[in-house]
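> Model the structure of this input:
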Amino acid sequence: PPAPPPPLGVALAVMASALHGLHAAHEARAEDGEPLGIVHRDVSPQNVLVGADGLARVLDFGIAKARGRLQTTREGQVKGKLAYMAPEQIRSGEVTPRTDVFAAGIVLWETLTGGRLFQGDNEGHLIMQVLEAPIAPPSAVRAELPRALDAIVLRALDRDPARRFASARELALALEDLGPIAPPSAVGQWVRDVAGESLAKRAERITAIERGVVAADRPRVT
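Numbers count the residues shown, from 1 in each chain. Model prediction:
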């Protein structure tokens, strides 16, 4: 069910953790030391998993672009979720690590405010929102948020890639410097508070599987 935005320290911890993970992907190298040139291209709330251990993990690199990877995308096709795309990704399909920084900036804005940044009645309207709509600072939605955080978020969301943070790590460090960052134990407790019922059901299901309890209508595989 819908939940209020997480406490500021939890939000900063989750996003900083996710950003460090993104940076690790961006900096990944092959065995010969050659940069792989990975760009996620689909950073969105659905692809950031926060565990009861208090750690955030970036998931689903299924459409990630990597140097040397065979690309089967049709000419003119744009991959990703429109509401979390950078302007250059929509305009030309050109992506760099700063493209992921913009998408992470959207996730950060939404994590802090509890609302959606870009919304549209149809794809065309949504694209215009991403390309041209004014971006309000998070404090315009939640007045208690620090103004210094506004500057960080708006820099991540600058439509000119050259004016954004140069890397996901740089954005993560800016959030950590702003602080205070919640420790993993506090993030984990927040997860349990928000999703305790779901976690309990999942634990029951895992226990049933481990004990060999299966549904009667499930086919047996030998």
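
> Tell me the buried residues in the host helix or strand of Ala203?
If you go by DSSP states H and E, Ala203 is part of helix 184-210. Across helix 184-210, burial judged by 16 or more other Cβ atoms under 10 Å covers 184, 186-188, 190-191, 194. For every residue, glycine as well, the C-beta is placed using N, CA and C.

> For Leu199, see how far away Val107 is.
Going from Val107 to Leu199 by Cβ to Cβ, to the nearest Å gives 22 Å.

> and of the buried residues of helix 184-210, the nearest to Pro87?
Val187 (31.5 Å; Cβ to Cβ).

> burial measure for His125, as a count.
12 (other Cβ atoms under 10 Å).

> Can you tell me the SS state at it?
Recorded secondary structure, His125: helix (DSSP: H, G, I helix; E, B strand; the rest coil).

> Provide the secondary structure category for the residue lying closest to Arg147 once chain neighbours are set aside.
What sits nearest to Arg147 in space, not counting adjacent residues and going by Cβ to Cβ, 6 or more residues apart in numbering, is Ser139, at 6.1 Å. Judged by three-state DSSP, the three-state class of Ser139 is helix.

> Wait, Ser139 touches Ile152, no?
No: the pair Ser139 / Ile152 is not scored as a contact, 11.6 Å apart, by Cβ atoms under 8 Å.

> just the helices in the protein please.
Secondary structure of the chain (DSSP state H): helices at 8-26, 87-91, 97-113, 123-132, 147-156, 168-178, 184-210.

> And those: which comes nearest Leu59?
That would be helix 8-26 among these, by Cβ to Cβ, at 9.6 Å.

> tell me the mean pLDDT for the closest one?
Helix 8-26 comes out with an average pLDDT of 95.

> Run through who's touching it.
5-6, 38-40, 43, 48, 50, 54-58, 61, 64, 97, 100, 104, 107-108, 111-112, 145, 167-169, 171-172, 175-176, 178-184, 186-187, 190 (Cβ atoms under 8 Å, 6 or more residues apart in numbering).

> Can you tell me which of the residues you listed are buried?
5-6, 38-40, 43, 48, 50, 54-56, 58, 64, 97, 100, 104, 107-108, 111-112, 145, 167-169, 171-172, 175-176, 178, 181-182, 184, 186-187, 190.

> Can you dump the C-alpha atoms of stretch 9-29 in CSV for me?
This file holds the C-alpha atoms of stretch 9-29, laid out as CSV (Å, rounded to 0.1, in the frame of the first residue of the first chain):
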residue,chain,number,x,y,z
GLY,A,9,18.4,9.7,6.7
VAL,A,10,16.9,6.5,5.3
ALA,A,11,16.2,8.1,1.9
LEU,A,12,19.8,9.4,1.7
ALA,A,13,21.2,6.0,2.8
VAL,A,14,19.1,4.1,0.2
MET,A,15,20.0,6.4,-2.6
ALA,A,16,23.7,6.7,-1.7
SER,A,17,23.9,2.9,-1.6
ALA,A,18,22.2,2.5,-5.0
LEU,A,19,24.4,5.2,-6.5
HIS,A,20,27.6,3.4,-5.4
GLY,A,21,26.2,0.3,-7.0
LEU,A,22,25.6,2.1,-10.2
HIS,A,23,29.1,3.6,-10.2
ALA,A,24,30.6,0.1,-9.7
ALA,A,25,28.7,-1.0,-12.9
HIS,A,26,29.8,2.1,-14.8
GLU,A,27,33.5,1.4,-13.8
ALA,A,28,33.4,-2.3,-14.5
ARG,A,29,36.3,-3.6,-16.6
